[in-house]
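Engineer: using only what follows, build the 3D model:
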Amino acid sequence: MKLGFSMVLGFLLAGTGLVSSPPFIKSVDNAQKPRTDPFGDPLPEGAVARLGTLRFRQGYYYVFSPDGKTMACAYGAKIRLLDSETGKDVLLGRGHESGVRCLAWSNDGKIIASGAWGVDKTIRLWDPVTMKELRRCQWDTGKAPYTSWGVEQIIFSLDGKTLIARGVDHTIRQFDTLTTKEIRRFGGFQGRLGEIALARDGKTIAALVYLDKKEFGWGPCQVIV
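Structural biologist: Here you go, the predicted model:
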């Protein structure tokens, strides 16, 4: 009886405004969730879909770390490190004085080497943990014209003690990664120098040479070992 009287009294007081009723709470389930692409990244307002992805678009000349967890890429004159699974930035390095053209990672994962076009004239060695410059190898251009300055490819030896590099000037050079001194140089190829490869023992270099000497395009070629 007392319970019934309390309920009736409560309704009467609420009707007179002496007791306020709880405010209406909108269910969060009714709120519209933001649209995302297949990778879970949010779409711009009004967009219904995305062709492709926003990930891995921070640069060019991508190269994996030995453990596959990180990627290095060129970003103009700088170097970016990305998470290879998510594509998100991990670290941004200072870079060169001109555009980075090539990257390489040592087999132990402790050094990143980078080469650039034009006025920079260096191969730089970086600590991938901090992206601080460790050392640099000078790329001597002599009296060669500006159009032949730059480094196009870098390969570390398996033990990381040396590296070889291919230049725009159609030379192959070997450097000591600790002293940064140039050890030897190969040139005088009878054609345009293409990709190079280094044997696992570090004793043999293979070079692709295009015999037509054209700046661009395909043609007769040979492999020199």
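Engineer: so in the protein, where's the weakest helix or strand by average pLDDT?
Structural biologist: When each helix and strand of the chain is scored by mean pLDDT, DSSP states H and E, helix 2-16 comes last, with a mean of 46.
Engineer: ok, then the element right after that one?
Structural biologist: Reading on from helix 2-16 to the C-terminus, the next helix or strand found by DSSP states H and E is strand 60-64.
Engineer: which neighbouring elements make contact with that next one?
Structural biologist: Judged by 3 or more Cβ pairs under 8 Å, 6 or more residues apart in numbering; DSSP states H and E, the packing partners of strand 60-64 are strand 70-75, strand 100-105. In this view, the C-beta of every residue, glycine as well, is placed from N, C-alpha and C.
Engineer: give me the angle between the last one and strand 70-75.
Structural biologist: When you say that, I think you mean strand 100-105. For strand 100-105 against strand 70-75, the angle by axes from the mean of the first three to the mean of the last three Cα atoms, to 10 degrees is 170 degrees.
Engineer: same question for strand 100-105, mean pLDDT?
Structural biologist: For strand 100-105, mean pLDDT rounds to 95.
Engineer: begin at 11, not 1, for the rest of this chat.
Structural biologist: With 11 as the first residue, the last one maps to strand 110-115.
Engineer: who does the next helix-or-strand element following it pair up with?
Structural biologist: Using DSSP H and E, the helix or strand that follows strand 110-115 in sequence is strand 122-126. Paired strands of strand 122-126, with direction, are strand 110-115 (antiparallel), strand 132-136 (antiparallel) (DSSP bridges).
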